[in-house]
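1. sequence first, then the predicted structure:
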Protein chains: 2
Amino acid sequence: MPPTTKRSARPHSDHDHANCVTDAIARAEAVCAERGARLTENRRRVLELVWQSHAPVGAYEVLERLRKDGTHAAPPTVYRALEFLMEQGLVHRIESRNAFVGCPQPEQRHAAQYLLCEGCGDAVEIEIGGLARKIVSRAAELGFAVAAQTVEAHGLCSRCQQIGA
Amino acid sequence: MPPTTKRSARPHSDHDHANCVTDAIARAEAVCAERGARLTENRRRVLELVWQSHAPVGAYEVLERLRKDGTHAAPPTVYRALEFLMEQGLVHRIESRNAFVGCPQPEQRHAAQYLLCEGCGDAVEIEIGGLARKIVSRAAELGFAVAAQTVEAHGLCSRCQQIGA
DNA sequence: TTCGGTTTTGTTACTCTATACCATGATGCC
DNA sequence: GGCATCATGGTATAGAGTAACAAAACCGAA
Ligand SMILES: [Zn+2]
Ligand SMILES: [Zn+2]
Ligand SMILES: [Zn+2]
Ligand SMILES: [Zn+2]
């Protein structure tokens, strides 16, 4: 009998995703402890729910999942938790989907860059060397001071290309 | 007495913006003619309204402006026009604002890159040399086929930096 | 330990953004 | 004219996000 490991709605990669979740939570607790930020039960739970897949999840989907726990939550509950998690760099917002996804490397603040698959829905955070810096410096040439960046590439992951082929 | 030229809600640059609008419309008509795309009255009007400022404008703001003309429009009217205009590359969607802005160079399809000022709201479309290509090639290394990109930098334009200083 | 300020959560109601669906009208080709 | 295709009208509803205020939990100091 298979374990109770939860999977993405459109599962794709075969890794043991339970590890991703527990690892993410552990790291979140570590960074919050170090920073003196309060990872309350609600916030921890929302983070866990966001991490249930590698596909970005909408705030209202998080809300539903919360309610299935028996919690009596309303939209502000979720949005406030997400706001905190974003401030701490524990989740990123995917602008082109109005959705949220866990950050695999929260210890160090960074400009997020994503590959977003239109087939399976997964979001893969990447780092393109020098890209963030290039944006900042080009903006500076135009007198513009960059405070935050959004870099999202939409397309098909290798697996979805094969399926569609 | 000043001309009837309309300005941005938070006007900023002193150029004669009426030129921007008429130029944009002229170029839109040209590209549509060449492509056999039908720039109908509605679509032309929506494009005009989007161009009323250099700040991205929400679909519902366009809707309001349309109605002030006496037109009896509903949301789908606006969204359909915007969809057409985006297909033709005449407007771009600013994902981080759920809003739309006219493209200053619609003749040639391209991945849009924007500087978005949090002070005045203006969006400046830029082209960072090699950036789009770099994203595509790094994605390709990971087996990911990029179909579209979103690059948005948020911060303060030079003018707003001075004001805030 | 009790007080009082700060932070977090609860609750309600609402605004803004976007799309599904079906009907109607225009356009242009044969 | 007949017919397919494209564009619009119009209603209803789904989805995303926030304002505002009240209650509760937390925490450091008196
Ligand atoms: Zn995983
Ligand atoms: Zn995929
Ligand atoms: Zn202008
Ligand atoms: Zn500005």
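-> Noted; the coordinates are in hand. Residues are numbered from 1 along each chain as shown, chains lettered A, B, ... in the order given. Ligands and ions are numbered 1, 2, ... in the order given.

2. what comes up buried for the longest helix along chain A?
-> Of all segments of type helix in chain A, defined using DSSP state H, the longest is helix A:17-35. The neighbour-count check on helix A:17-35 (16 or more other CB atoms under 10 Å in any protein chain shown) flags A:17, A:20-21, A:24-25, A:27-28, A:31-32 as buried. The C-beta positions use only the backbone N, C-alpha and C, and glycine is treated the same way.

3. show me what the longest strand along chain A is packed against.
-> Of all the segments assigned as strand in chain A under DSSP state E, the longest by residue count is strand A:145-156. Identification of packing neighbours for strand A:145-156 by 3 or more CB pairs under 8 Å, 6 or more residues apart in numbering or on different chains; DSSP states H and E yields strand A:113-117, helix A:131-141, helix B:131-141, strand B:145-156.

4. a markdown table please, covering the ones you listed and showing mean pLDDT and distance to residue A:75.
-> Output for these, formatted as a markdown table (pLDDT from 0 to 100; distance: least, CB to CB, whole Å):
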| stretch | mean pLDDT | distance to residue A:75 |
| --- | --- | --- |
| strand A:113-117 | 98 | 24 |
| helix A:131-141 | 98 | 32 |
| helix B:131-141 | 98 | 34 |
| strand B:145-156 | 98 | 24 |
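
5. ranking those by burial, who's on top?
-> strand A:113-117 (a mean of 24; mean count of other CB atoms under 10 Å in any protein chain shown).

6. shaky segments in chain A?
-> Along chain A, segments meeting pLDDT under 70 span A:1-13, A:165.

7. name the element the spatially most central residue of chain A belongs to?
-> Nearest to the geometric centre of chain A sits residue A:101, at 1.7 Å (CA atoms, centre = their mean). Following DSSP states H and E, the helix or strand that holds residue A:101 is strand A:99-102.

8. residues contacting that strand, please?
-> With contacts defined as CB atoms under 8 Å, 6 or more residues apart in numbering or on different chains, strand A:99-102 is touched by A:20, A:24, A:47, A:50-51, A:54-59, A:62, A:82, A:85-86, A:90-94, A:114, A:123, A:125.

9. and the residue of chain A closest to ligand 4?
-> Residue nearest to ligand 4 within chain A: residue A:144 (8.5 Å; CB to the ion).

10. and the gap between that residue and ligand 3?
-> According to CB to the ion, to the nearest Å, residue A:144 and ligand 3 sit 17 Å apart.

11. tell me which residues touch the residue nearest to that residue when sequence neighbours are not counted, please.
-> Excluding the flanking residues, the one nearest residue A:144 by CB to CB, 6 or more residues apart in numbering or on different chains is residue B:115, at 4.8 Å. Shown in contact with residue B:115 (CB under 8 Å, 6+ apart): A:139, A:142, A:144, A:146, B:123-124, B:126, B:153, B:155, B:157.

12. distance of residue B:115 from residue A:86?
-> Residue B:115 is 22 Å from residue A:86, where distance means CB to CB, to the nearest Å.

13. what do you get for residue A:42?
-> 15 Å.

14. just the buried positions in whatever helix or strand residue A:159 lives in, please.
-> Taking DSSP H and E as the definition, residue A:159 sits inside helix A:158-164. Buried residues in helix A:158-164, counted by 16+ other CB under 10 Å: A:159-160.

15. which neighbouring elements make contact with that helix?
-> Using 3+ CB pairs under 8 Å, 6+ apart, helix A:158-164 sits against no helix or strand.

16. please repeat the previous calculation with a cut-off of 10 Å.
-> The contact analysis (3 or more CB pairs under 10 Å, 6 or more residues apart in numbering or on different chains; DSSP states H and E) places helix A:158-164 against strand A:113-117, strand A:145-156, strand B:145-156.

17. that older thread, please see if whatever helix or strand comes next after the longest helix of chain A touches DNA strand C.
-> Once the chain leaves helix A:17-35, the next helix or strand it forms, by DSSP H and E, is helix A:41-50. Yes - using CB under 7 Å from any atom of the strand, we find that helix A:41-50 touches DNA strand C at A:41-43.

18. top of those by number of neighbours, please.
-> residue A:43 (21 neighbours; other CB atoms under 10 Å in any protein chain shown).

19. check contacts around that one.
-> By CB atoms under 10 Å, 6 or more residues apart in numbering or on different chains, the contact set of residue A:43 is A:28, A:32, A:37, A:80-85, A:88, A:90.

20. these two touch, right, residue A:59 and residue A:86?
-> No - contact criterion CB atoms under 10 Å: residue A:59 and residue A:86 do not qualify, at 11.5 Å.

21. show me the common contact partners of those two, please.
-> Shared contacts of residue A:59 and residue A:86, defined by CB under 10 Å, 6+ apart, comprise A:93, A:100.

22. looking at the two, which one has more neighbours?
-> Ranked by neighbour count (other CB under 10 Å), residue A:59 and residue A:86 place residue A:59 first, with 18 against 14.
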